[in-house]
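S.K.: Next comes the sequence, and after it the predicted model I'd like to discuss.
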Amino acid sequence: MKRWLMALGLSLLLAGPQARAGAEDEMMGFIVDQTISHIGHGFYNSFTDRLRATSRLDFNLVVRERPDARWGSLVTVEYEGEVLYRRFLPPNTTQLEEEAVAAADLVKQEVIQRKLQRLLQDTTDLERDEL
């Protein structure tokens with residue numbers, strides 16, 4: 001029994017670097033729902049349905065909602081801590097699905113634009129996190 005455990009430990013030590021995930025490995029495709037009201041949940045569902053239908057989802061997003069009795073709900077979509085979409089949805093929204101589809105298309109284009117900017121950024125002297 002003791003030899004078996006030692007052999008297992010030795011094999012784990014030798015295979016350790018290959019078995020571990022790299023620092024850049026990150027789970028992608030999450031769209032976090034931080035909506036509160038019925039309007040927010042309806043927006044989130046239509047938004048995610050459109051994104052999943054038109055994109056590979058190789059990025060993560062956060063959909064937040066801040067309800068307001070007077071103006072409706074303020075809905076924001078964040079990508080890497082930056083707000084890509086912000087809009088007040090009135091309480092009697094009849095075109096909620098159309099607004100969510102337009103928001104999904106806009107956010108997808110903004111994410112693509114940000115990724116292209118990051119790829120074309122000159123980082124010969126400094127790394128991206130130092131800029």
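M.R.: Perfect, I can see it now. Residues are numbered from 1 along each chain as shown.

S.K.: now stretch 51-67, how far from the centre of its chain.
M.R.: From the chain centre to the centre of stretch 51-67 is a distance of 6 Å (Cα atoms, centre = their mean, to the nearest Å).

S.K.: So for that stretch, mean pLDDT?
M.R.: Averaging pLDDT along stretch 51-67 gives 93.

S.K.: So what touches that stretch?
M.R.: 27-37, 39-40, 43-44, 47, 73-80, 104-105, 107-108, 111, 115 (Cβ atoms under 8 Å, 6 or more residues apart in numbering). Yep, even glycine has a C-beta here, placed from its N, CA and C like the rest.

S.K.: How far does it stretch from one end to the other?
M.R.: 24 Å (Cα to Cα, to the nearest Å).

S.K.: Surely residue 79 and residue 114 touch.
M.R.: Yes: between residue 79 and residue 114 there is a contact under Cβ atoms under 8 Å: 6.8 Å.

S.K.: Looks to me like residue 47 is in a helix.
M.R.: Yes: according to DSSP: H, G, I helix; E, B strand; the rest coil, residue 47 belongs to a helix.

S.K.: With adjacent residues omitted, what lies nearest to it?
M.R.: Once flanking residues are discounted, residue 47 sits nearest to residue 100: 4.3 Å by Cβ to Cβ, 6 or more residues apart in numbering.

S.K.: can you check residue 34 too?
M.R.: residue 64 (4.6 Å).

S.K.: burial of that neighbour, as a residue count?
M.R.: Burial of residue 64 is recorded as 18 neighbouring residues (other Cβ atoms under 10 Å).

S.K.: pretty sure it belongs to a strand, no?
M.R.: Yes: per three-state DSSP, residue 64 lies within a strand segment.
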